[in-house]
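Undergrad: Okay, here's the prediction I keep looking at, along with the sequence it came from:
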Amino acid sequence: MNYGKYKYEQARKEKESKKKQKVVEIKEIRLSSTIDTHDFEFKSRNARKFLEDGNKVKATIKFKGREVNNTSFGVNVLNKFAESLEDVGTVDKAPKLEGRSMMLMINPKNANN
């Protein structure tokens, strides 16, 4: 068997398998603990589009100044955010405080497409 032909066939098979793979991106949405209703709806609409496209969504809240003393507001906002997207996504990581920021990961429900 010709080695050049063998290498060509292997490269072709590898290229074909790469075509069938889907790259999942992580899209980040930044919220604040004192977000207003219209801003919240706008950001949740964008997150819904990302989830419907098959991307993961990372919702982040950065606490400024003394806001870090009242992290319960941030938890409420992130839980409400996850609730508004529960029909298109599932919570991967619950809201967790890391330093001055709190994050939440949401996976798309139809991830096995």
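TA: Yes, it's here. Residues are numbered from 1 along each chain as shown.
Undergrad: CA-only coordinates of the one helix or strand in the chain whose mean pLDDT sits lowest, as PDB, when you get a sec.
TA: Every helix and strand of the chain was ranked by mean pLDDT, DSSP states H and E. The lowest is helix 3-20, at a mean of 89. This file holds the C-alpha atoms of helix 3-20, laid out as PDB (Å, rounded to 0.1, in the frame of the first residue of the first chain):
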ATOM      1  CA  TYR A   3       2.000   5.500   2.300                       C
ATOM      2  CA  GLY A   4       1.000   8.800   0.600                       C
ATOM      3  CA  LYS A   5      -2.400   7.400  -0.300                       C
ATOM      4  CA  TYR A   6      -2.800   6.100   3.300                       C
ATOM      5  CA  LYS A   7      -2.000   9.500   4.800                       C
ATOM      6  CA  TYR A   8      -4.500  11.200   2.300                       C
ATOM      7  CA  GLU A   9      -7.300   8.800   3.400                       C
ATOM      8  CA  GLN A  10      -6.600   9.400   7.100                       C
ATOM      9  CA  ALA A  11      -6.700  13.200   6.500                       C
ATOM     10  CA  ARG A  12     -10.000  12.900   4.600                       C
ATOM     11  CA  LYS A  13     -11.600  10.800   7.400                       C
ATOM     12  CA  GLU A  14     -10.500  13.300  10.000                       C
ATOM     13  CA  LYS A  15     -11.800  16.200   8.000                       C
ATOM     14  CA  GLU A  16     -15.200  14.400   7.600                       C
ATOM     15  CA  SER A  17     -15.500  13.700  11.400                       C
ATOM     16  CA  LYS A  18     -14.700  17.400  12.100                       C
ATOM     17  CA  LYS A  19     -17.600  18.500   9.900                       C
ATOM     18  CA  LYS A  20     -20.100  16.600  12.000                       C
END
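Undergrad: what's that helix packed up against?
TA: Helices and strands touching helix 3-20, by 3 or more C-beta pairs under 8 Å, 6 or more residues apart in numbering; DSSP states H and E: there are none. Any C-beta I mention is one placed from the backbone N, CA and C, and that applies to glycine too.
Undergrad: Can you point out the buried residues in the helix or strand following it?
TA: For helix 3-20, the succeeding helix or strand toward the C-terminus, using DSSP states H and E, is strand 26-31. Using 16 or more other C-beta atoms under 10 Å as the test for burial, strand 26-31 gives Lys27, Ile29, Leu31.
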